[in-house]
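Q: Next comes the sequence, and after it the predicted model I'd like to discuss.
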Amino acid sequence: MTDLKERILKQKKQSMERYREERAAFEKVMGTPKINVSVELPKGYEAQREEFLDLEKEESFLKDADKALGRIVKKHLKKAKKQAEKEKSGNSEKEDKP
Amino acid sequence: MLNSIGIIYIGIYLLTLLLASAELTSLSVAALIGALLSTLFGLTCGIFTPDEVIGFIDFRVILLLVGVMITFEVVERSGLFRVLALYAIKYSRGDPRILFFSICFVSAAVSLFLSDVTAILLIAAAAGTIARIMDYDPVPYFVSAAIMINLGGTSTLIGSTSNMIIGMASGLNFVDFLNFLALCEIALWILTSLTLYLLYKPKLGEKKTPPTYDPWGEIKDKKTVYKAGFIIVLFLLLFLLYEKWNVGPEIIAFLCAILALLVVDVDAGTVFRQIDWETIFFIGGFFIIIGGLEKAGILRFLSKAVLNMAHGNQFIAALLTLWSSALLSVFVSNIAVALTYTPIIGIMKDLNLNMNYLWSALVLGTNLGGAATPVSGAVCVLAIGALKEENVNLSFMEFSKAGALTTIVQLLFASLYLILKFGM
């Protein structure tokens, strides 16, 4: 029966992809939203193609990337917030002028 | 008595069911193999002509199915049902009991319109997300959603593929379905969700602070959601009224599909690719196999056998239909069961029997047998697959415990309902 179940589940692979899409949509609303950033192999490092690809699974790299990206995200969100506040105060000044 | 031609046709029929049920090949390929064998044998032995083979396929069923599929694929893409699921979770306010019943009822309600496969993927994704956030065991929510989705739509002409087949063969319209079965379905929703609640009560978890979000505010394209809502209202209105205009439900379904594609801004090509062609080819092939059985006199033979077993009593015949079709649907596709039973019951119309009684029994049987075990229907298989995505391995027995229990409760209630509704 387990074999049968495995075979059926394999056939339903396409449906599971749709499940993952739906899951991501719900997570975006109810859970912690996520964005994906892709990184290209830097120029001059072409000889280390394999090592570069392995980084995707390396824990220490993921930890460093998470830390560094967290800093960058915070910086950009702060900048966006300041910009929005600046625009808001600029608009209210314009409205105050006769 | 059965002759050699009849025995060969029964062999082809059983071979198709075996190929499909044991997943040795896909449902559609199994039916096409059976259709090919049936056609080759029938033509070479002069049992029927090539024109008659085409006549075996009821294209009205296929048109109705495709029309409904297109309409609700478009509506689903608008995000309307996602919003409904988000509201259901939001208003449970972190109480697992309310969340459980909300998921049960939204599952059944959503499956009134969406195909079982689309509905389970949507509800399981919503349940999976909230279960992870609240640290709840996802099993009660996923299994209950699958069982409720299988139940949802039992009382509507478009609620399941088997209902469409029975509706077209019997001539029962959308209103007839509601008249005969709506009350039964509502009672079954309550009874089934209560049974599942009692079964899963200790596993539901504790009340916790829920995530805060605004479902309506999350929609980027509100216009599309309004349009999808309009399509649903129009669809229901037209289905309630179509008999007055002398047109069939398949024409209304196709009209709604075209309107949906015109009104809602979606890519038609993407929608067409999402149509469940597997089911359509399965039905087409199976119609030919059933046509062969009919020509060989097997269906008349079975019809007589049912009546003999029931001693000509319509009450016993209805209960036999209910329980045997449900039992068969546990092991083989309920579409195949509906396609097999409709001509058998159709033959009985010449006798002095209350046909609505028998058709209602068949509708209930084919619908209720679809979630007894993990392999009874695609909705159960996908619920288990989705649980695997959440790193939970649910055993065959664990699912069957809930599935078999609710199926028995549902069938007992359905028997009582049929006796009260038609027998007295």
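A: Okay, I see it. Residues are numbered from 1 along each chain as shown, chains lettered A, B, ... in the order given.

Q: okay, CA-based contacts and neighbour counts for the rest of this
A: Fine.

Q: ok, for residue B:132, nearest residue in space, not its chain neighbours?
A: Using C-alpha to C-alpha, 6 or more residues apart in numbering or on different chains and skipping the chain neighbours, the partner closest in space to residue B:132 is residue B:138 (7.9 Å).

Q: what's the closest residue to chain B within chain A in contact with, if anything?
A: Residue nearest to chain B within chain A (C-alpha to the nearest C-alpha): residue A:23, separated by 4.5 Å. By C-alpha atoms under 8 Å, 6 or more residues apart in numbering or on different chains, the contact set of residue A:23 is B:125-126, B:128-129.

Q: Next, the buried residues of stretch B:289-302.
A: B:289-300 (16 or more other C-alpha atoms under 10 Å in any protein chain shown).

Q: and what of stretch B:113-125?
A: B:113-125.

Q: touching chain A at all, stretch B:211-228?
A: Yes: part of stretch B:211-228 sits near chain A under the criterion C-alpha under 8 Å from any C-alpha of the partner chain, namely B:211-213, B:215, B:218.

Q: nearest to residue B:180, of the residues you listed?
A: Among these, residue B:215 lies closest to residue B:180 (C-alpha to C-alpha), at 36.2 Å.

Q: What parts of the stretch 201-350 of chain B come near chain A?
A: So the stretch 201-350 of chain B meets chain A at B:211-213, B:215, B:218 (C-alpha under 8 Å from any C-alpha).

Q: Can you pick out the most distant pair from the residues you listed?
A: B:211 and B:218 (13.9 Å).

Q: what helix or strand is the residue of the stretch 101-250 of chain B found nearest chain A on?
A: Scanning the stretch 101-250 of chain B for the residue nearest chain A gives residue B:125, at 4.5 Å (criterion: C-alpha to the nearest C-alpha). In the assignment (DSSP states H and E), residue B:125 maps to helix B:116-134.

Q: And residue A:24, by the same measure?
A: In the assignment (DSSP H and E), residue A:24 maps to helix A:13-30.

Q: sorry, back to before: top of the residues of stretch B:211-228 next to chain A by number of neighbours, please.
A: Counting neighbours by other C-alpha atoms under 10 Å in any protein chain shown, residue B:215 leads these with 18 neighbours.

Q: Where does the prediction get shaky in the chain?
A: Chain wasn't specified; assuming chain A. Within chain A, the ranges that satisfy pLDDT under 70 run A:1-11, A:96-98.

Q: Not quite, go with chain B.
A: Using pLDDT under 70, the flagged stretches of chain B are B:1-2, B:23, B:424.

Q: pretty sure the residue nearest to residue B:132 contacts residue B:128?
A: Yes: counting by C-alpha atoms under 8 Å, residue B:138 touches residue B:128, with 6.2 Å between them.

Q: Now stretch B:399-411: buried residues?
A: In stretch B:399-411, counting by 16+ other C-alpha under 10 Å, buried: B:399-400, B:402-404, B:406-408, B:410-411.

Q: distance of the most centrally placed residue in chain A from residue A:27?
A: Nearest to the geometric centre of chain A sits residue A:35, at 2.1 Å (C-alpha atoms, centre = their mean). Residue A:35 is 12 Å from residue A:27, where distance means C-alpha to C-alpha, to the nearest Å.

Q: Can you find which helix in the chain contains the most residues?
A: In the absence of a named chain, this looks at chain A. Secondary structure of chain A per DSSP state H: the longest helix is helix A:59-96.

Q: Chain B was what I was after
A: Chain B, longest helix under DSSP H: helix B:174-200.

Q: for the very next helix or strand once past that helix, packing partners?
A: Remark: after helix B:174-200, the chain's next helix or strand is helix B:222-241, criterion DSSP H and E. In terms of contacts (3 or more C-alpha pairs under 8 Å, 6 or more residues apart in numbering or on different chains; DSSP states H and E), helix B:222-241 is packed against helix B:59-77, helix B:80-90, helix B:174-200, helix B:249-263.

Q: Check which residues of stretch B:265-285 are buried.
A: B:266, B:271, B:275, B:279-285.

Q: and that stretch, how far apart are its ends?
A: 34 Å.

Q: Give me the distance from the longest helix of chain B to the chain's centre.
A: 14 Å (C-alpha atoms, centre = their mean, to the nearest Å).

Q: If you count neighbours, what's buried in it?
A: B:174-178, B:180-182, B:184-186, B:188-189, B:191-197, B:200.

Q: and if you look at stretch B:219-234?
A: Quick answer for stretch B:219-234 (16+ other C-alpha under 10 Å): B:219, B:224-225, B:227-229, B:231-232.

Q: Same question for stretch B:7-27.
A: B:8-10, B:12-13, B:15-21, B:23, B:26-27.

Q: do stretch B:301-313 as well
A: For stretch B:301-313, using 16+ other C-alpha under 10 Å, the buried residues are B:303-304, B:306-307, B:310.

Q: ok, now stretch A:15-22?
A: In stretch A:15-22, the ones that count as buried by 16+ other C-alpha under 10 Å are A:15-16, A:19-20, A:22.

Q: Let me see the residues that make contact with it.
A: B:121-122, B:124-126, B:382, B:385-386.

Q: Could you rerun that using 6 Å?
A: B:121, B:125 (C-alpha atoms under 6 Å, 6 or more residues apart in numbering or on different chains).

Q: roughly how far is that stretch from the heart of the chain?
A: With C-alpha atoms, centre = their mean, you get 18 Å for stretch A:15-22.

Q: hey, C-alpha coordinates of that stretch in CSV?
A: Extracted in CSV, the C-alpha atoms of stretch A:15-22 (Å, rounded to 0.1, in the frame of the first residue of the first chain):
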residue,chain,number,x,y,z
SER,A,15,-0.6,19.6,-8.0
MET,A,16,2.0,19.9,-5.2
GLU,A,17,3.6,22.7,-7.1
ARG,A,18,0.3,24.5,-7.1
TYR,A,19,0.0,23.8,-3.4
ARG,A,20,3.4,25.4,-2.8
GLU,A,21,2.3,28.5,-4.8
GLU,A,22,-0.9,28.8,-2.7
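
Q: Stretch B:59-76 vs chain A: in contact?
A: No: against chain A, stretch B:59-76 shows no contacts by C-alpha under 6 Å from any C-alpha of the partner chain, the least distance being 11.4 Å.

Q: in that stretch, what's buried?
A: Buried residues in stretch B:59-76, counted by 16+ other C-alpha under 10 Å: B:60-76.

Q: Chain B contacts on chain A?
A: A:19, A:22-23.

Q: Now tabulate the residues you listed in a markdown table and tack on distance to residue B:133.
A: As requested, these are exported to a markdown table (distance: C-alpha to C-alpha, whole Å):
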| residue | distance to residue B:133 |
| --- | --- |
| A:19 | 17 |
| A:22 | 16 |
| A:23 | 12 |
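
Q: Spatially central residue for chain B, please.
A: Mean-position check on chain B, C-alpha atoms, centre = their mean. Result residue B:160 at 3.2 Å.

Q: Quick check: phi and psi on that residue?
A: phi -150, psi 160 (degrees, to the nearest 10).

Q: Relative to residue B:363, how far out is it?
A: Taking C-alpha to C-alpha, one finds residue B:160 at 10 Å from residue B:363.

Q: same thing with residue B:341?
A: 10 Å.

Q: So which of the two has more stuff around it?
A: Each of residue B:341 and residue B:363 has its neighbours counted (other C-alpha under 10 Å); residue B:363 has more, 28 against 21.

Q: Chain neighbours aside, what residue packs nearest to the more buried one?
A: Residue B:363's closest residue in space is residue B:163 (C-alpha to C-alpha, 6+ apart), at 6.2 Å.
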